[in-house]
Structure formats: structure tokens, C-alpha cells
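> Based on what follows, work out the 3D shape:
(2 chains)
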Amino acid sequence: MLTLTSPFRTWAHGVPAWVKLAVLCLWTALVLQAQGPWLWVAMLAVAALVASAGSTFALDWARMLQPLWPFVLLVALWQVWLGAPFGALPVILRMGAVVGLANAVTMTTELAEIIDLLTRLSRPLRRLGLSPRMLALSVALMIRFIPVMLLRHGQIAEGWRARSPRRPGWRILLPVLLAALDDADHVAEALRARGGAG
Amino acid sequence: MERNLTHIALFAALIALLGLIPKIDLISGVPITAQSLGIMLCGTVLGSWRGFLAVLLFDVLVAAGLPLLSGGRGGIGLFVGPSAGYLIGFPFAAFVAGLVVATWRAPIGIAAFAGAIVGGIGILYAFGIPGMAITLGKSLPEAALLAIPFLAGDLIKAVLAALITQTIAQARPGALLSRA
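Below you'll find the predicted structure:
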């Protein structure tokens, strides 16, 4: 499964997931309050932290920040239009420092670690009748359903192409969804036959 | 019980799949993705609680670092960035959409359209606009201005959600858990 975890092992991969997430929460609360030069300090601190993990990692990290560019541009243009071009800097720095560290946490924490943490955190929910296994099972089922639906889509698209010179397009969305609903029913039956999900 | 679980997982997967449909970029640079159609469908087909859980499952996996959001985005950074409000609002949008379909006994197509508008647009924007206002340092009306370009696409998606829900009600009446 393709994840956003960096394949290059860094020192931060070894830090427990809960520590990284706790630091991130604290960091986000702090940076959202920070003003003036402290925002520069925060942004530089995140950049230094990322740089300490090596240049390959830092490049991947920079690539992951790309979706923020439209927002940076928007805020900057807005401020120019208001006649205070530097008014955009605090907003951009704050966004960079918060999202930057969060992305670094994502890149250094494996999916299995986070699922483990969620299972542990959901243990108190047992009193409400929610078994911690349900979370793990639903995560596994969801990830498994993605290729199953893609497979159904492929099959129905082939059926369409065999009969029509036109491209399948949106018309086959509904039959794909109906086939997937049947698949989900079959999986539910199979689960029940094997002793249920609870 | 098992059926609830598999359908919740299926619709969470559906949201992820809708993210694979190439996004259309508006002239203003705002991307329109099919993913919010998935949010609407979670509510109108699965109902309030199951819809909420399905979208929550999707959100949890996005936060855990799976690149499930359109454009292959994912990770906890999204929950502290400009789109945070929308991501947090997703489960509540599905919940309200399901609530409308379950309580308003109009023909299913009409009820689903209303649910998609109230939940998938009303509630979602009520979360998304303050989220953009906070992260981008703007006032609420300014942030609302940023959300307007999405409106046309979301109206089309509400119509699609109503049509799909109606077809499911006809072809697989048992799968329409929102009115089960």
C-alpha cells in the first residue's frame, strides 16, 4: 500500500508515534499564538529539524508542501490589493510552521504505528459496546474495498466497450456502485458465517 | 451489525475512489473534486450515524497518512492547514444529510437532494469557512467569498447525489440504510 511515510529512515522514525503527535499538538497551539519575530523562529526551527534528517528527506518534505502554494498566492495577492504587501507574511509563516511539522510527523510515522495507537486509544469505547477490533477491521475492509471497486469498474467498463463505440464515462458509475453494494453484502454474510465482527 | 460495518467501510472507500477522478480546475484556480459527492452519499444512503462513522473512518485514514484526498494528499498537516475546517466538517455534513433523509418523509429523490444541500453544502460550509478564516487570517465574510466558487459544483453534486440515492432505492432497496 502506498503511504506518505518516507522510505528513507531518519532518526525521527524511531520516536514513538504518541510522542510526535503530542509535540505536534503543543507546537500547533503555540504557533497559532505566536506573533512577530517568533514566527520566523518557528519556521526556521521546523526547517532545521527537517534538514537534520538529510537532503533527500528535506526535498520530499518540500514537495509535500506544494498544495499550499495556491493559498500563499491568494493571501499575498489579497494583501497587495489591500496595500500592505507584508501583512501576508505572518499568515504564511504560521501556515508553513504548523503544516510543515505536521507533514514531517506524517512522513516519519508508519501507518501500522498509528493504527496501533488508535486501537489503544479506542479501548475506553469498549464500555459503549464498541470493540477495539471493529476499528482495525473497518480500516482493513476499507483499504481492501478500494481495489475491489476498481476491479468492478474495470469489468463493467470492458463490458461497455465490447458493446459500444463510445467511451464508458459516468454512465457506468451506478452499476459499479450497485455491484460494490452486493460485494459488501457478501462480505457481511461471510463475516457473520465466521462468528461475526464483534 | 456486520452489514453496517461492511457498508461503512465500502462508502469510506467510495470517498477515496471519487478522489481519483481527475479534478477540474476552475478559472479562479479553485479545484472541483468529486469527493464531496461521496460525503453527501454517505449521509443520504447510509443515514446519519453510519454516514458519520463512514466519513470519520475516511478522515482518520487521511490523518494517519494515507494519500486518499484528491490529488494524492494526506497526512495530519491537512488538519492544521486551510482545508482543516472542511475535513472536520465532513462527518457532520454526512450526519445532517442522513438526518434530513431519515426524518423528512418526502419522495426519496427530493429528500436526498434536500439532505445533500443542507448537510453537504450548509453544514460543510459552516465548518469550512471559519477554518479558512482562522488559518488564512481573514474575516468570516472574506473567507465566505473564497468559498463561493465551489457553490456551482456543489449544487451539481447535490443533484447527482439525489439521482444516485434514488437509483439505489429502486435497485437495492435494502441498501438504503438511511430509511431502513
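> where in chain B is pLDDT low?
Confidence mapping of chain B against pLDDT under 70 gives the ranges B:21-32.
> Which residue ranges of it form strands?
B:24-25, B:31-32 (DSSP state E).
> Now do the buried residues in the longest helix seen in chain B.
Longest among the helix segments of chain B by residue count, using DSSP state H, is helix B:150-171. Buried residues in helix B:150-171, counted by 16 or more other C-beta atoms under 10 Å in any protein chain shown: B:150, B:153-154, B:157-158, B:160-162, B:164-169. C-betas here are computed from N, CA, C, even on glycine.
> What is it packed up against?
helix A:173-193, helix B:35-46, helix B:108-115 (3 or more C-beta pairs under 8 Å, 6 or more residues apart in numbering or on different chains; DSSP states H and E).
> Distance from the chain centre to the helix or strand residue A:40 falls within, please.
For residue A:40, the element it lies in under DSSP states H and E is helix A:37-51. With C-alpha atoms, centre = their mean, to the nearest Å as the basis, helix A:37-51 stands 23 Å off its chain's centre.
> just to revisit the earlier point, tell me the angle of the longest helix of chain B relative to helix B:35-46?
30 degrees (axes from the mean of the first three to the mean of the last three C-alpha atoms, to 10 degrees).
> Provide the contact partners of helix B:150-171 at residue level.
Residues from elsewhere that reach helix B:150-171 (C-beta atoms under 8 Å, 6 or more residues apart in numbering or on different chains): A:173-174, A:177-178, A:181, B:24, B:26, B:30, B:32, B:34, B:36-37, B:40-41, B:44-45, B:101, B:108-110, B:112-113, B:116-117, B:120-121, B:175-176, B:179.
> And for stretch A:55-69?
Residues from elsewhere that reach stretch A:55-69 (C-beta under 8 Å, 6+ apart): A:4, A:6, A:8, A:10, A:50-51, A:95-96, A:99-100, A:103-104, A:106-107, B:71, B:73, B:75, B:77, B:81-82.
> First-to-last residue distance for stretch A:164-173?
From its first residue to its last, stretch A:164-173 covers 16 Å (C-alpha to C-alpha, to the nearest Å).
> follow-up on the earlier one: and the furthest pair within the buried residues of helix B:150-171?
B:150 and B:169 (27.5 Å; C-beta to C-beta).
> Number of residues surrounding the closest residue to residue A:146 other than its chain neighbours?
In space, and not counting its chain neighbours, residue A:146 is closest to residue B:13: 4.8 Å by C-beta to C-beta, 6 or more residues apart in numbering or on different chains. Residue B:13 is flanked by 28 other residues according to other C-beta atoms under 10 Å in any protein chain shown.
> next one: the one 5 residues further on
Residue B:18 has 19 neighbours, counted by other C-beta under 10 Å.
> just residue A:127 next, same as before
Counted by other C-beta under 10 Å, the residues lying close to residue A:127 total 7.
> Secondary structure of it: a helix, I assume?
Yes - counting by DSSP: H, G, I helix; E, B strand; the rest coil, residue A:127 is part of a helix.
> Mind pulling up the pLDDT for it?
Per-residue pLDDT puts residue A:127 at 78.
> could you check the distance from it over to chain B?
18 Å (C-beta to the nearest C-beta, to the nearest Å).
> Pass me the low-pLDDT residue ranges in chain A, would you?
Residues of chain A meeting the criterion pLDDT under 70: A:1-3, A:198.
> sec struct for residue A:35, please.
Counting by three-state DSSP, the backbone at residue A:35 sits in coil.
> Kindly provide the distance from it to chain B.
12 Å.
> Spit out the contact partners of that residue.
Contacts of residue A:35 by C-beta under 8 Å, 6+ apart are residue A:90.
> and if you look at residue A:136?
Residue A:136 is in contact with A:115, A:119, counting by C-beta under 8 Å, 6+ apart.
> at 6 Å what do you get?
residue A:119 (C-beta atoms under 6 Å, 6 or more residues apart in numbering or on different chains).
> Please identify the helix or strand for it.
Secondary-structure assignment from DSSP H and E places residue A:136 in helix A:132-163.
> okay, the angle between that helix and helix A:173-193?
Using the same axes, to 10 degrees: helix A:132-163 against helix A:173-193 is 140 degrees.
> buried set for helix A:132-163?
A:132, A:134-135, A:137-139, A:141-143, A:145-146, A:148-149, A:152-153, A:156, A:160.
> Then stretch B:114-127?
Burial within stretch B:114-127, assessed by neighbour count using 16+ other C-beta under 10 Å, is assigned to B:114, B:115, B:116, B:117, B:118, B:119, B:120, B:121, B:123, B:124, B:125, B:127.
> What is the burial count for the nearest residue to residue A:135 once chain neighbours are set aside?
Counting by C-beta to C-beta, 6+ apart, residue A:135 lies nearest to residue A:122, which is 5.3 Å off, once chain neighbours are set aside. Residue A:122 has 16 neighbouring residues, counting by other C-beta under 10 Å.
> picking up where we left off before, put the buried members of the contacts of stretch A:55-69 into a ChimeraX selection.
Under the burial definition 16+ other C-beta under 10 Å, those of the contacts of stretch A:55-69 that qualify are selected in ChimeraX by:
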select /A:4,6,10,50,95,96,99,100,103,104,106,107 /B:73,75,77,81,82
